[in-house]
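> no sequence on this one, just coordinates:
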Ligand SMILES: [Cu+2]
């Protein structure tokens, strides 16, 4: 009985540093404007001479709305909203889209190999942990400033 108790105690002590290191990830950032919720805006870290990057996030709106513009003067020369399509030849490619449609209460994921905000002519390298300011404008909800969190290249989707 005592032996068991000591064994348990030693397990607990041995395990506790593991718990300490196994950090709980920060909850996803959320931003609110009008009826729109923007969750976990993020980008992959970039190589030193990388010229373009994509921004991802999750969007949901209580009413029909549209993401119509993304701006960040200090991040890139030009920013577009992009869709990801497969053309008639079966080739996957990115195309500019005027707006990203939000239907009431339907989640829209901007994610790798899907829709995204496209940055051309990066003005700085994105390093893991950076929080980069960007403004998103929705047709009805208006404009919201958010922070894009830079995550490791291996981070692929979406949480
Ligand atoms: Cu793109």
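Good, I have the coordinates. Worth saying up front: this structure is predicted, and the values here are computed from it rather than measured. Residues are numbered from 1 along each chain as shown.
> Let me see the backbone angles for the most centrally placed residue in the chain.
Against the mean C-alpha coordinate of the chain, by Cα atoms, centre = their mean, the closest residue is residue 42 at 2.6 Å. Backbone torsions for residue 42, taken as degrees, to the nearest 10, come to phi -150, psi 160.
> Show me which residues of this protein sit near the ion.
If contacts are counted using Cβ under 5 Å from the ion, the residues of the chain sitting beside the ion are 82, 94, 118. (Each C-beta comes from the backbone N, C-alpha and C, glycine too.)
> Looking at those residues, which are in strands?
If you go by DSSP state E, the residues of the chain next to the ion have 82, 94, 118 in strands.
> Name the weakest-confidence residue in these, if you would.
Among those, residue 94 carries the lowest pLDDT, at 92.
> Run through the bridge partners of that one.
Assessed by DSSP bridges, residue 94 has beta-bridge partners residue 84.
> quick one: it and residue 120 touch, right?
No: Residue 94 lies out of contact with residue 120 (Cβ atoms under 8 Å); the separation is 11.2 Å.
> Mind checking which of those two has more residues around it?
With neighbours defined as other Cβ atoms under 10 Å, residue 94 and residue 120 compare such that residue 94 has more, 16 against 12.
> That one and residue 112, how far apart?
For residue 94, the distance to residue 112 (Cβ to Cβ, to the nearest Å) stands at 11 Å.
> show me where this structure has strands.
Going by DSSP E, the chain shows strands at 30-33, 36-44, 52-61, 65-71, 76-86, 92-96, 100-102, 108-110, 116-122, 131-138, 142-151.
> buried sites along the last one?
In terms of neighbour count (16 or more other Cβ atoms under 10 Å), strand 142-151 has its buried residues at 144, 146, 148-151.
> Out of these, which is nearest to residue 29?
Nearest to residue 29, judged by Cβ to Cβ, of the buried residues of strand 142-151 is residue 149 at 6.6 Å.
> Next, work out how far apart the closest one and residue 139 are.
From residue 149 over to residue 139 the distance is 25 Å, taken as Cβ to Cβ.
> isn't the residue nearest to the centre of the chain right next to residue 151, touching?
Yes: when contacts are counted by Cβ under 8 Å, residue 42 is listed as touching residue 151 (5.2 Å).
> Any idea what residue 69 is bridged to?
Going by DSSP bridges, residue 69 forms beta bridges with residue 137.
> mind listing what it touches?
Applying Cβ atoms under 8 Å, 6 or more residues apart in numbering to residue 69 gives the contacts 81, 135-137.
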